[in-house]
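*Asks:* structure here, sequence nowhere to be found:
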């Protein structure tokens, strides 16, 4: 069964505007972590932001914030003030289990973001 | 600190051959995970090694194997290559209690 769903294959945003990339997940484990990665055309995966299932506040990292709605099982990424360099594939991922050393991460299909000048 | 390095970056093989990919984690990182990325299946977890032991394994056939050395460097081997094995193979390392996995640039394998 698909554990991570990203429903937007592609998104466009105007430079300097904010954009939200959607991610929903499915798990019965009460302990899990949610991640967002950026993959430019070079292929390297770049870690952006992390949200733990027990974290009370939404995670933020610079221009990135995670809109975590636990009851709805959604973990949307918000990028503020988009820049041309933000154009890339974005992947939502989840790691289940209490063991933080469990690195079995499941990824969504990704969203290709294009920032227009 | 140097990042995760993977060699080779590009590889072309023919069906039936075998291939070995290498990954050097960030210094001090003991966990190395491998992923396969294809246009059709997306990113899929292959396996994870920690302190030379395979800790987790994804749903891949036995043709895919790996190992980790005492210096945390890891190798992944694919035997009897099939056309469908053409993919970007990504390696990621993390420290023991870190939430972040740091990825390497990947090895792009093409099977003809």
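*Replies:* The structure has been received and is ready for your questions. Treat the numbers as computed from the prediction; the structure is a model and nothing was measured. Residues are numbered from 1 along each chain as shown, chains lettered A, B, ... in the order given.

*Asks:* separation between the residue nearest in space to the middle of chain A and chain B?
*Replies:* Taking Cα atoms, centre = their mean, the centroid of chain A lies closest to residue A:36, which sits 3.3 Å from it. According to Cβ to the nearest Cβ, to the nearest Å, residue A:36 stands 11 Å off from chain B. (Each C-beta comes from the backbone N, C-alpha and C, glycine too.)

*Asks:* can you show me the strands along chain B?
*Replies:* All strands of chain B, identified by DSSP state E, fall at B:5-7, B:10-13, B:19-24, B:31-38, B:42-50, B:53-57, B:64-68, B:74-78, B:87-94, B:102-103, B:107-111.

*Asks:* the first one: partners in the sheet, and parallel or antiparallel?
*Replies:* Paired neighbours of strand B:5-7 in the sheet (DSSP bridges): strand B:19-24 (antiparallel).

*Asks:* excluding chain neighbours, what is closest to residue A:86?
*Replies:* Distances taken as Cβ to Cβ, 6 or more residues apart in numbering or on different chains place residue A:115 nearest to residue A:86, at 5.1 Å, with adjacent residues excluded.

*Asks:* where does the one you found fall, secondary structure wise?
*Replies:* Element membership of residue A:115, judged by DSSP states H and E, is strand A:111-116.

*Asks:* helices and strands around that strand, which ones?
*Replies:* Here strand A:111-116 touches strand A:10-14, strand A:19-21, strand A:88-96, going by 3 or more Cβ pairs under 8 Å, 6 or more residues apart in numbering or on different chains; DSSP states H and E.

*Asks:* mean neighbour count, these: which tops it?
*Replies:* Comparing those on average neighbours per residue, with mean count of other Cβ atoms under 10 Å in any protein chain shown, the densest one is strand A:88-96 at a mean of 23.

*Asks:* if we can go back for a sec, which helix or strand contains the residue nearest to the centre of chain A?
*Replies:* Per DSSP H and E, residue A:36 falls inside strand A:32-39.

*Asks:* against which helices or strands is that strand packed?
*Replies:* Packed against strand A:32-39 by the contact rule (3+ Cβ pairs under 8 Å, 6+ apart) you find strand A:46-52, strand A:64-69, strand A:74-79, strand A:88-96.

*Asks:* check contacts around residue 38.
*Replies:* This is for chain A. Applying Cβ atoms under 8 Å, 6 or more residues apart in numbering or on different chains, we find residue A:38 in contact with A:45-46, A:48, A:86, A:88-91.

*Asks:* my question was about chain B, not that one.
*Replies:* Taking Cβ under 8 Å, 6+ apart, we find residue B:38 in contact with B:44, B:84, B:86-88.

*Asks:* mean pLDDT added to the strands of chain B, as TSV?
*Replies:* Output for the strands of chain B, formatted as TSV (pLDDT from 0 to 100):
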stretch	mean pLDDT
strand B:5-7	97
strand B:10-13	96
strand B:19-24	98
strand B:31-38	94
strand B:42-50	92
strand B:53-57	88
strand B:64-68	96
strand B:74-78	97
strand B:87-94	94
strand B:102-103	92
strand B:107-111	97
